[in-house]
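Student: Task: produce atomic coordinates for the following.
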Amino acid sequence: MRQPTRLTFASCRTLAQIGGRESAVAVGRNRYFAVCEYFSLNPSEQCASLIVALRWAHNAFTHAPPSSARRTIPAAVNYPLNNRIFRVECALNPRMNNENHTYLWQSSDWPNWHFDWAALAEPLAEVSRAQGRLLGRLADVGMTLRDQASLVALTDDVVKTSEIEGEALNVASVRSSIARRLGAEIGALAPVDRHVEGVVEMVLDATANNQATVTPARLFGWHAALFPTGYAGLSKINVGAWRDDANGAMQVVSGAIGRQRVHFEAPPAACLPAEMARFLDWVNAPANVPPLIKAGLGHFWLVTLHPFDDGNGRIARALGDLLLARADGSPQRYYSLSAQIQRERTAYYDILEQTQKATLDVTAWLLWFFDALHRAVEHAHITLDAVLRKARYWQQWATLSLNERQVKLLNKLLDGFDGKLTNQKWATLAQCSPDTALRDLNDLLLSGVLRKTAGGGRSTGYELNEWQD
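Tutor: Sure thing, here's the model as predicted:
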């Protein structure tokens, strides 16, 4: 005899859209039962074939049951089971009757998003105007400088989307990996490890190939790129596949062991094939809302589904970047939303949690998303200023003969060197002897490229000379 299969009511409601038929239902005071014939041994299809039966049981419990639901059995527990019929028992979740649910994906009309158009109109217009101003500035510079600005934005995106999750990537390695793929000239390339390569591959595929159809296989490829070893830290995870909840429900938690706080619980794994199919159909369909709204909704929707064992935030942000690239009508990125989210990380997690525990009105999330996007675009002007300033700097010293070490270290100073540059630091970064470092520095001092900072002796520091615009 096959053991009874247990499903939560929430998963039944979510999977109701994918079909199936009921064989019989029995309704009790606080529980309902379904006996259902399934059509194959595939677990997802078994689950699908149960859904309508469970839905009829819910109707029979909460409303006047339709005629199809009258085919009940007196005692489901005694119903004979064989290799094609099995029994499912579910506890009725009272929250679903009055919409006093914990998470919005448990709502009866999930995922029918709605929002206040009037409240979004002005923030949406402001973001569009900011994007227009940025693109206007970029149109006035050459292709080389646009490529440099894009390289900075993409590097920020890769580094910061990982930093949000508490993972630090080597900035030089990320920049080298992106530059090699884009064919950008940045001088000597830094060594790159396969983990950096994986994140870069995902971000570039999302943006450069933004018009390509988003399929489960494509998302699985992104996921496999993020976890090339099959491990997240010390934990082995399902890579390139939807999560299976083998170790319990997918929850976002914080706090020490024993005092953990659950911020969010994702839909059951049994729902994912149907939920992701519906989501990807929506992603790939022509937009029935403004493209920037679709980008915000897509980001939030995928975070809510949390379809993978790990890496959900990074994949959701990559999917958001894909939708933003579609909205911009360009594969080139000149601003980084991930970098802005990292700067506002606490607020980001707070608005996600608040929205996921509210209703399907996602106005608050979209307002936050547009505000963060606006700030990201404005910050891109600072990046562009730095790119232009760097270009003017090298034009100023174009006739100066510099060695590879000097070019490398001057670029570090131009990109924003952390701390004071000393002879010893130069030697370490340039991988040369202190005597060679001192000769490099003295040459630059004599040429007027560098000047000494306050102090002297072994603590002497060096900085870029004033700009001569």
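
Student: which residue ranges form the strands in the protein?
Tutor: Ranges of strands in the chain, per DSSP state E, are 5-6, 24-27, 31-37, 85-91, 231-232, 235-236, 251-254, 261-265, 450-452, 462-464.

Student: For the spatially closest residue to Ala380 that is not a sequence neighbour, list the residues it contacts.
Tutor: In space, and not counting its chain neighbours, Ala380 is closest to Tyr335: 3.8 Å by CB to CB, 6 or more residues apart in numbering. Backbone N, C-alpha and C define where each C-beta goes, glycine included. Counting by CB atoms under 8 Å, 6 or more residues apart in numbering, Tyr335 makes contact with Leu134, Ala153, Ala376, Val377, His379, Ala380, Thr383.

Student: Take these and, keeping just the buried ones, write it as a ChimeraX select command.
Tutor: In ChimeraX syntax, the buried subset of those is picked out as below (16 or more other CB atoms under 10 Å):
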select :134,153,376,377,379,380,383
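
Student: Just the closest of the contacts of Tyr335 to Asp418, please.
Tutor: Thr383 (17.5 Å; CB to CB).

Student: wait, isn't that closest one in contact with Leu151?
Tutor: No - contact criterion CB atoms under 8 Å: Thr383 and Leu151 do not qualify, at 10.1 Å.

Student: before we move on, the earlier item: want to try a markdown table for the contacts of Tyr335, with pLDDT and distance to Ala270 as columns?
Tutor: Converted to a markdown table, the contacts of Tyr335 look like this (pLDDT from 0 to 100; distance: CB to CB, whole Å):
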| residue | pLDDT | distance to Ala270 |
| --- | --- | --- |
| Leu134 | 91 | 44 |
| Ala153 | 91 | 39 |
| Ala376 | 95 | 37 |
| Val377 | 95 | 40 |
| His379 | 93 | 42 |
| Ala380 | 92 | 42 |
| Thr383 | 85 | 45 |
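
Student: list the contacts for the closest residue in space to Ala208 that isn't next to it in sequence?
Tutor: Residue nearest to Ala208 in three dimensions, not counting chain neighbours: Pro331, with 4.7 Å by CB to CB, 6+ apart. By CB under 8 Å, 6+ apart, the contact list for Pro331 reads Thr207, Ala208, Asn209, Asn210, Ala325.

Student: phi, psi of Pro331?
Tutor: Main-chain torsions, Pro331, degrees, to the nearest 10: phi -80, psi -20.

Student: Give me the pLDDT for it.
Tutor: At Pro331, the predicted lDDT confidence score is 90.

Student: and the gap between it and Asn210?
Tutor: 6 Å (CB to CB, to the nearest Å).

Student: Which neighbours do the two have in common?
Tutor: Ala325.

Student: How far does stretch 117-131 sit from its chain's centre?
Tutor: 23 Å (CA atoms, centre = their mean, to the nearest Å).

Student: Show me which positions of it end up buried.
Tutor: For stretch 117-131, burial by neighbour count (16+ other CB under 10 Å) applies to Leu120, Pro123, Leu124, Val127, Ser128, Ala130, Gln131.

Student: what does it rub up against?
Tutor: Stretch 117-131 is contacted from outside by 290, 292-293, 328, 363, 366-367, 370-371, 373-374, 377-378, using CB under 8 Å, 6+ apart.

Student: Over to stretch 382-401?
Tutor: So stretch 382-401 is contacted by 134, 137-138, 141, 145, 148-149, 152-153, 156, 334-335, 411, 414-415, 447, 449, 464, 467-469 (CB under 8 Å, 6+ apart).

Student: Can you mark which positions in it are buried?
Tutor: Judged by neighbour count using 16+ other CB under 10 Å, the buried positions of stretch 382-401 are Thr383, Leu384, Ala386, Val387, Lys390, Ala391, Tyr393.

Student: Centre of the chain to it, how far?
Tutor: Using CA atoms, centre = their mean, the offset of stretch 382-401 from its chain centre is 34 Å.

Student: for stretch 112-124, same thing?
Tutor: Using CA atoms, centre = their mean, the offset of stretch 112-124 from its chain centre is 22 Å.

Student: circling back to that earlier point, how far away is the residue nearest to Ala380 from Ala149?
Tutor: Counting by CB to CB, the gap from Tyr335 to Ala149 is 9 Å.

Student: Which neighbours do these two have in common?
Tutor: Counting by CB under 8 Å, 6+ apart, the residues touching both Tyr335 and Ala149 are Ala380, Thr383.

Student: Now do the same for the residue nearest to Ala380: its pLDDT.
Tutor: 92.

Student: now do Pro66
Tutor: For Pro66, the predicted pLDDT is 34.

Student: do the same with the one 10 residues further on
Tutor: In this model, Ala76 is scored at 30, pLDDT.

Student: now swap in Leu388 and tell me
Tutor: Leu388 is assigned 83 on the pLDDT scale.

Student: Low-confidence stretches in the chain?
Tutor: By pLDDT under 70, the low-scoring segments of the chain are 1-101, 185-191, 455-458, 466-469.

Student: care to break it down by domain?
Tutor: Per automatic domain parsing, the structural domains of the chain span 5-100, 117-389, 400-464.

Student: Export stretch 326-343 to PDB, keeping only CA atoms.
Tutor: Output in PDB follows, covering the C-alpha atoms of stretch 326-343 (Å, rounded to 0.1, in the frame of the first residue of the first chain):
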ATOM      1  CA  ARG A 326      15.300  45.500 -22.600                       C
ATOM      2  CA  ALA A 327      13.700  48.600 -21.200                       C
ATOM      3  CA  ASP A 328      16.800  50.700 -22.200                       C
ATOM      4  CA  GLY A 329      16.900  49.100 -25.700                       C
ATOM      5  CA  SER A 330      20.600  48.600 -25.300                       C
ATOM      6  CA  PRO A 331      22.900  45.700 -24.100                       C
ATOM      7  CA  GLN A 332      25.500  48.200 -22.800                       C
ATOM      8  CA  ARG A 333      25.200  49.100 -19.100                       C
ATOM      9  CA  TYR A 334      26.200  52.500 -17.800                       C
ATOM     10  CA  TYR A 335      24.700  52.200 -14.300                       C
ATOM     11  CA  SER A 336      24.600  49.500 -11.700                       C
ATOM     12  CA  LEU A 337      21.400  48.800  -9.700                       C
ATOM     13  CA  SER A 338      23.200  46.100  -7.800                       C
ATOM     14  CA  ALA A 339      25.800  48.600  -6.600                       C
ATOM     15  CA  GLN A 340      23.000  50.900  -5.500                       C
ATOM     16  CA  ILE A 341      21.300  48.100  -3.700                       C
ATOM     17  CA  GLN A 342      24.500  47.300  -1.900                       C
ATOM     18  CA  ARG A 343      24.700  50.900  -0.700                       C
END
